[in-house]
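Peer 1: What would the 3D arrangement of this be:
(one chain, ligands or ions: 1)
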Amino acid sequence: MAQRPRRTSRSQAREEALAAAAVVRVPARCDVAVVGGGAAGLAAAVAAAESGASVVVLERGLACGRTILATGNGRCNFMNSALCGPAPAWERYNDPAFVAATCGAGFGEEVLGFFEDCGLAWAEEDGGRLYPLSRQASSVREVLLARAARSGVVLAPAREVTDVSMSRHEVRIRPHFEADFPSKRGLMYTSLVYAAGGGEETARSLGLSCAAFEPVLCSLACAAPAGVALGELDGRRAHVVARLVRDGREVARDVGEVLFRGYGLSGIVVFDLSRHARPGDVVSLDLTCGLDRERARELAGAAGSCAGVLDPVIAGALGQDALDQALDLRFVVQGPAEPERAQVTRGGLLTGQFDPATLEARERPGLFACGEALNVDGACGGFNLAWAWKSGLVAGRAAAGRRAAGNEAERA
Ligand SMILES: Cc1cc2nc3c(=O)[nH]c(=O)nc-3n(C[C@H](O)[C@H](O)[C@H](O)COP(=O)(O)OP(=O)(O)OC[C@H]3O[C@@H](n4cnc5c(N)ncnc54)[C@H](O)[C@@H]3O)c2cc1C
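Peer 2: Next up, the predicted model:
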């Protein structure tokens with residue numbers, strides 16, 4: 001009889017991962033240290049190593065690339081085709097000018113070329129969303145880790161960086177692992193790529209200005225329209241036109257799926273609206289998804305109810321004048337809901353402090369930043385990962401270039 005594979009408990013898996021991390025030798029000196037082994041950090045590390053630099057990635061978690069696994073519901077919507085072509089959709093970012101200056105024309109093509117060279121196949125779904133052909137986020141992670149290994153990057157998990165000090169010529173880091181202290185001087189590198197995502201403490205320790213962190217791409221806590229019991233709708237989904245209205249003016253609009261929750265609204269369209277929403281704004285839903293009003297009424301007349309136009313459960317919760325309500329169902333925003341489950345943290349290092357062409361801090365030569373650590377966020381649909389990859393490539397190459405410049409100066 002075939003033997004069942006041995007199951008490991010969580011604590012056992014953790015111990016094994018820690019033991020594997022402990023045997024990684026962190027080089028005391030090398031050209032580029034990348035802080036954070038997520039999407040942007042791995043792209044930066046590969047780009048720096050392939051430009052000839054020696055590279056170490058210091059990652060707080062027990063393995064690199066784990067954040068990628070949770071994306072796109074485990075399927076990883078890693079890019080959006082709207083970023084390809086002569087006019088990439090810069091407007092899908094909070095800071096279009098900075099993103100355009102960093103990514104330039106050919107943004108999407110470069111990201112796709114990078115993944116093609118990694119050996120990834122992909123497929124396009126609605127709204128230009130690109131997923132790995134396998135529809136498994138682990139495909140994206142595996143091909144990245146393999147490329148990092150091939151290019152000689154040292155991946156050092158279980159290394160949280162809490163203390164960074166910089167002089168004109170080098171960066172000094174004190175990670176937590178005792179074994180990583182060959183001398184009291186800590187670890188010394190020529191350049192540092194800060195790719196630690198949307199966290200607060202270390203970003204502030206870099207001595208640069210940060211915008212306050214806040215969750216975006218999240219559900220919204222809302223007050224329901226009078227007479228509508230949100231509890232009855234909890235878990236129902238509908239395809240809608242959703243508008244965010246402030247003082248009677250439309251601030252944002254999207255078409256897609258909404259998920260009703262007991263506390264308010266969720267689903268991809270709501271995630272997108274949450275990037276612009278403030279308490280007191282109104283989310284207006286057209287549950288007929290733009291169907292002509294007269295036509296909707298005719299169909300309801302023919303059916304003797306609005307069951308042919310609306311989800312009957314939702315229609316039942318809306319009561320007598322369900323169809324009229326469904327054309328403009330108004331929820332008042334109270335604030336973000338479940339912020340710990342937000343897809344993106346807005347805030348972080350202010351972009352004005354960085355040269356957009358290299359992502360090097362103007363006042364801190366040798367310090368580069370990329371990904372969500374910078375105050376850049378994008379819409380749902382692959383725009384955030386696209387920024388993480390491309391900004392990582394830009395920062396990684398530029399960080400490696402600094403080493404080359406240093407070598408030339410030494411030779412001269
Ligand atoms: C549930 C979920 C689903 C998502 N789905 C999508 C999607 O489908 N498409 C899309 O485009 N975007 C998606 N996003 C957003 C996307 O994941 C992020 O924009 C992207 O991961 C940012 O990449 P990053 O490398 O900047 O940060 P991260 O991926 O967060 O990586 C940062 C890394 O730094 C490490 N770190 C932090 N602090 C330290 C420290 N002090 N020392 C050492 N290491 C440190 C962290 O452990 C982490 O590994 C999703 C986000 C979430 C949460």
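Peer 1: quick one, what contacts Gly108?
Peer 2: 79-85, 88, 386 (Cβ atoms under 8 Å, 6 or more residues apart in numbering). For every residue, glycine as well, the C-beta is placed using N, CA and C.
Peer 1: can you confirm it is in a helix?
Peer 2: Yes. When DSSP: H, G, I helix; E, B strand; the rest coil is applied, Gly108 is found to be in a helix.
Peer 1: Look up how far Gln343 lies from it.
Peer 2: Counting by Cβ to Cβ, to the nearest Å, the gap from Gly108 to Gln343 is 20 Å.
Peer 1: Mark which of the contacts of Gly108 are part of strands, please.
Peer 2: Using DSSP state E, the subset of the contacts of Gly108 located in strands is 79-80.
Peer 1: Nearest to the ligand among the contacts of Gly108?
Peer 2: Nearest to the ligand among the contacts of Gly108 is Ala386, at 6.3 Å by Cβ to the nearest ligand atom.
Peer 1: Excluding sequence neighbours, find me the nearest residue to the closest one.
Peer 2: Met79 (4.9 Å; Cβ to Cβ, 6 or more residues apart in numbering).
Peer 1: Show me what the one you found is bridged to.
Peer 2: Leu130 (DSSP bridges).
Peer 1: Number of residues surrounding Arg330?
Peer 2: 17 (other Cβ atoms under 10 Å).
Peer 1: which helices and strands does the host helix or strand of it pack with?
Peer 2: Assigned by DSSP states H and E, Arg330 belongs to strand 329-337. Applying 3 or more Cβ pairs under 8 Å, 6 or more residues apart in numbering; DSSP states H and E, one finds that strand 329-337 contacts strand 210-216, strand 219-223, strand 264-266, strand 282-286.
Peer 1: Residues contacting the helix or strand following that strand, please?
Peer 2: Sequence order places strand 344-349 as the next helix or strand after strand 329-337, per DSSP H and E. The contact list for strand 344-349 (Cβ under 8 Å, 6+ apart) reads 94, 194, 197-199, 203, 206, 208-217, 275, 369, 372-378, 384.
Peer 1: Just name the most buried of the helices and strands packed on strand 329-337.
Peer 2: Per-stretch averages of neighbours, counted by mean count of other Cβ atoms under 10 Å, single out strand 264-266 among the helices and strands packed on strand 329-337, with a mean of 24.
Peer 1: follow-up on the earlier one: wait, which of the helices and strands packed on strand 329-337 is closest to Leu42?
Peer 2: Judged by Cβ to Cβ, the one of the helices and strands packed on strand 329-337 that comes nearest to Leu42 is strand 210-216, at 22.6 Å.
Peer 1: hmm, the closest one in reach of the ligand?
Peer 2: No. Strand 210-216 is not in contact with the ligand by Cβ under 6 Å from any ligand atom; minimum separation 9.8 Å.
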